[in-house]
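*Asks:* Build me a structure from this.
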Amino acid sequence: MSIPRLSEEQLQQARAAAVAARGRRAEAKSRLRTGDWTLSTLVEQAETDDVLAHIKVVDVLRCLPRVGTKRAAAIMERLDIAPNRRLRGLGHHQTQSLVREFG
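*Replies:* Numbering: from 1, shown residues only. As a prediction, the model looks like this:
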């Protein structure tokens with residue numbers, strides 16, 4: 001099976017969509033860092049927003065106050081969340097545990 005060739009216009013549209021998605025994810029992480037959003041707010045938004053649903057959980061945790069790389073990894077291990085998991089891929093209990101941990 002081969003990958004279909006895209007026209008230049010289709011490539012431009014795909015690039016524009018990717019840039020917009022990265023910007024939306026960056027904005028959400030920035031809101032977490034500044035305290036405009038809580039983790040529960042982001043989780044609620046991700047339920048209906050496909051772009052936000054694709055943010056990696058470890059990236060979300062590192063945006064929270066007092067959570068760095070080591071603490072994020074420890075939290076994910078304790079809550080049995082795989083390192084490559086994204087928000088949409090979390091189970092109900094994992095989501096509840098995260099929200100409970102960070103309010």
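*Asks:* Contacts only, for Leu6.
*Replies:* Counting by Cβ atoms under 8 Å, 6 or more residues apart in numbering, Leu6 touches Ala14. The way it works is simple: take the backbone N, C-alpha and C, and place the C-beta from them, glycine included.
*Asks:* Which secondary structure state does it sit in?
*Replies:* Classification of Leu6 into helix, strand or coil gives coil, according to DSSP: H, G, I helix; E, B strand; the rest coil.
*Asks:* Tell me the spacing between it and Arg15.
*Replies:* 10 Å (Cβ to Cβ, to the nearest Å).
*Asks:* now do Pro4
*Replies:* According to Cβ to Cβ, Pro4 stands 17 Å off from Arg15.
*Asks:* the more surrounded of the two?
*Replies:* Arg15 (10 against 6; other Cβ atoms under 10 Å).
*Asks:* so where does the more buried one fall, helix or strand?
*Replies:* Take DSSP states H and E as the rule and Arg15 turns out to sit in helix 8-34.
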